[in-house]
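**Student:** Build me a model from this:
(chains A and B)
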Amino acid sequence: MRAETLKGHLDGILLAVLEPGPRHGYAIMEALRIRSGGQVDLPTGTVYPALHRLERAGLVQASWSADGGRRRRVYELTPAGRRALDGERSTWRDFSTAVTALLQPAPPAVSTS
Amino acid sequence: MSGPGPPEPGPGPAVEGYLAEVTARLPGPARARTGIVAELRSGLLDATDAHRSAGLPPAQAAVAAIREFGDPVQVAVSFRAEIAAGQARRVAVTLLVTGPLVGLLWIATAAASHLGVRLALPWPWTGQSAGLSVSFYLVAVAAGVTAWAAIFGIATTGRLTRWLPARPRRAPMAAAVAGFGAVSADGLGLALLATQLAVAPERLSPVPAAAAAAASLVRMMLARHAARRCLAIRASLT
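**Tutor:** Next up, the predicted model:
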């Protein structure tokens, strides 16, 4: 799945990946790949600016950590981020229910004349 | 929270070459770039490690990591909006904080000097010429524009980002307007002071007047520089 297909949902997806606990940038990418069964494969470099934007919006907070000698920027959800994730989930449920219903083959039209 | 710290030694020429390509396309101050490049470097090293664990030799693992990160131009372009927002926010905050300080120095100057200006509540001031009234009015307008543009710039680069449509050029423009507003307010204040010096210098209280003039002069130059940088970074956004 390409970036264009995911457009509008990347924020929610990133928040969902951070829900279980804090992760650094590359771990977020790996989690995206694993949780989507390899379907989501974004250019990793473009995930970092999206994370910075979420940080600016107060949905995630970042801090530098030195784990095993390598310094990484670790992201975690803020309470506002959890609320935003709940919002994204219910929006997505409503949207996908509606689109699924609309895309289903319609029953043949019954003539009433 | 600590800073990015010194880079890890020996990430390899391919990774460094990629990072140099990204860096060359990032606008703004070096300080803003350092953290971004350090974060990308650690991510590339993690990716290289993952490919090595999967069995690739070091050099090929680095190449695979770079391929995974994608076009360095695209990475830099998507970071530009973030750098612009950060810069606009810093400029707006600085203007909003220094504005009242400089304003207080001017009020102290007016209060300590014998300008014949007396505050007769509720309004207007008495004992001043029409020209002076207009000048005060213009200073107030310039200060108001500065404050509102700065508040707008701060609001649209923070929490409000969640609900606003993404328009990366909006905040740098607001910060530039705030900067030029501050230049106008300080310039008008200095012009008023120059007029007073020419007409009746003996009425001015020298110490607060000198302090206010120095503060306004410094702020004027810095605000002009910051506003121009905000316009430049705004122009770099597509």
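**Student:** give me the element A:Q61 is part of.
**Tutor:** Assigned by DSSP states H and E, A:Q61 belongs to strand A:60-67.
**Student:** Now A:R70: phi and psi?
**Tutor:** Torsion angles at A:R70 (phi, psi; degrees, to the nearest 10) stand at phi -100, psi 130.
**Student:** residues touching B:E21, list them.
**Tutor:** When contacts are counted by CB atoms under 8 Å, 6 or more residues apart in numbering or on different chains, B:E21 touches B:P72, B:V73, B:A76. Heads up, the C-betas are built off the backbone N, CA and C, glycines and all.
**Student:** you'd agree A:Y75 is up against A:L18?
**Tutor:** Yes: A:Y75 lies in contact with A:L18 (CB atoms under 8 Å); the separation is 5.9 Å.
**Student:** Common neighbours of those two, please.
**Tutor:** A:I28, A:V60.
**Student:** Determine how far the strand holding A:Q61 lies from the middle of the whole chain.
**Tutor:** 20 Å (CA atoms, centre = their mean, to the nearest Å).
**Student:** The residue most central in space within chain A: what's it in contact with?
**Tutor:** Among the residues of chain A, the one closest to the centroid is A:I13, at 0.6 Å (CA atoms, centre = their mean). Residues near A:I13 by CB under 8 Å, 6+ apart: A:L6, A:L32, A:V40.
**Student:** Rank those by pLDDT and give me only the lowest.
**Tutor:** Of all those, A:L6 carries the smallest pLDDT score, 73.
**Student:** The residue of chain B found nearest chain A: how many residues sit nearby?
**Tutor:** In chain B, the residue found nearest to chain A is B:G70; the distance is 2.5 Å by CB to the nearest CB. By other CB atoms under 10 Å in any protein chain shown, the residues close to B:G70 number 17.
**Student:** how does chain B divide into domains?
**Tutor:** B:13-70, B:83-235 (automatic domain parsing).
**Student:** May I have the distance across the first one, first residue to last?
**Tutor:** Domain B:13-70 has an end-to-end distance of 17 Å (criterion: CA to CA, to the nearest Å).
**Student:** for the last one, same thing?
**Tutor:** When the termini of domain B:83-235 are compared using CA to CA, they are 13 Å apart.
**Student:** and that domain, how far from the chain's centre?
**Tutor:** What separates the centre of domain B:83-235 from the centre of its chain is 14 Å, taken as CA atoms, centre = their mean.
**Student:** so for it, what's the average pLDDT?
**Tutor:** For domain B:83-235, the per-residue pLDDT averages 87.
**Student:** how far does the helix or strand hosting B:V75 sit from the chain's center?
**Tutor:** Assessed by DSSP H and E, B:V75 sits inside helix B:72-112. Averaging C-alpha positions (CA atoms, centre = their mean) puts helix B:72-112 4 Å from its chain's average.
**Student:** Please spell out which residues along the longest helix seen in chain A are buried.
**Tutor:** Scanning chain A for the helix with the most residues, using DSSP state H, yields helix A:79-103. Using 16 or more other CB atoms under 10 Å in any protein chain shown as the test for burial, helix A:79-103 gives A:G81, A:A84, A:L85, A:E88.
**Student:** Which ones, among the residues you listed, also lie beside chain B?
**Tutor:** Intersecting these with the contacts of chain B gives A:A84 (criterion: CB under 8 Å from any CB of the partner chain).
**Student:** What lies in contact with stretch A:70-81?
**Tutor:** Here stretch A:70-81 makes contact (CB under 8 Å, 6+ apart) with A:15, A:18-19, A:21-26, A:28, A:51, A:54-55, A:58-66, A:85, B:4-5, B:8, B:35, B:38-39, B:42-43, B:45-46, B:159, B:162.
**Student:** Take those residues and keep only those in helices.
**Tutor:** A:15, A:18, A:25-26, A:28, A:51, A:54-55, A:85, B:35, B:38-39, B:42-43, B:45-46.
**Student:** does A:V74 sit in a helix, a strand or a coil?
**Tutor:** strand (DSSP: H, G, I helix; E, B strand; the rest coil).
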